[in-house]
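>>> no FASTA, just this:
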């Protein structure tokens, strides 16, 4: 059922393209987020030439190999791919069903929940989780992350699980839609 549905959806090049585009933008966002201040200062600098700006922008993507542990790097890539799949499957389901907006909203909210929890867990080995550490620092309780077994990586694992749940739910709904087909 899973492979048959995925092959039916991804037989169409527009869904392959949509998945690739969303995954690339998501991965770029997740990789560039820790360096946003430096990135903005370089990109909006009047003294740096555009070729150097582009080269710097591309070089920041190397952070996946250098700044992330194997666990955080793996779930970062998985989050990007699963979010791309979620968007493509949701678009396919919505276009195909044309009816049940209530189901679309609940599926979309689960996907958004997975992405938001992924933002809570994204970070490199040096700076830890970006959002959680920052929020806990404001409250003065960032030390609580040290008591978690994976020091905050649990949020990224939770994100992968939520996104997988959404993918499987979407596949199930594509195979057995909640609306009747018009013949």
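Arrived safely. Given the structure is predicted, the values throughout are model-derived calculations rather than measurements.
>>> can you get me a residue count around residue 156?
26 (other C-beta atoms under 10 Å). Placement of C-beta: from N, CA and C, glycine included.
>>> now do the strands in this protein.
Under the criterion DSSP state E, strands of the chain are mapped to 123-124, 128-129.
>>> and the average pLDDT for the last one is what?
Spelled out, it's strand 128-129. This predicted structure assigns strand 128-129 an average pLDDT of 49.
>>> how close does residue 76 get to residue 14?
Applying C-beta to C-beta, to the nearest Å, one obtains 26 Å for the distance of residue 76 from residue 14.
>>> which one of those two has more residues nearby?
In this comparison of residue 76 against residue 14, neighbours counted by other C-beta under 10 Å, the higher total goes to residue 76 at 25 against 11.
>>> pLDDT at that one, what is it?
Model confidence at residue 76 (pLDDT) stands at 86.
>>> grab the nearest non-local neighbour of it.
residue 30 (5.4 Å; C-beta to C-beta, 6 or more residues apart in numbering).
>>> residue 80 is in contact with that neighbour, correct?
Yes - with contact defined as C-beta atoms under 8 Å, residue 30 and residue 80 form a contacting pair (6.7 Å).
>>> and the residue nearest to residue 22 when sequence neighbours are not counted, how many neighbours?
In this structure, residue 22 finds its nearest non-sequential neighbour in residue 84, 3.9 Å apart by C-beta to C-beta, 6+ apart. Residues within reach of residue 84, counting by other C-beta under 10 Å, total 23.
>>> what's residue 84 in contact with, if anything?
The contact partners of residue 84, taken as C-beta atoms under 8 Å, 6 or more residues apart in numbering, are 18-23, 26.
>>> most neighbours, which of the residues you listed?
Neighbour counts for the contacts of residue 84 peak at residue 19, which has 23 neighbours (criterion: other C-beta under 10 Å).
>>> surely residue 93 touches residue 173?
Yes - counting by C-beta under 8 Å, residue 93 touches residue 173, with 5.7 Å between them.
>>> hmm, back to that, return the item of the contacts of residue 84 having minimum pLDDT.
Among these, residue 26 has the weakest pLDDT, 88.
>>> what residues sit buried inside the longest helix along the chain?
Assignment by DSSP state H gives helix 70-97 as the longest helix of the chain. Buried residues in helix 70-97, defined by neighbour count with 16 or more other C-beta atoms under 10 Å: 72-73, 75-94, 97.
>>> low pLDDT regions in the chain?
Counting by pLDDT under 70, the low-confidence segments of the chain come to 97-146, 151-152, 177-183.
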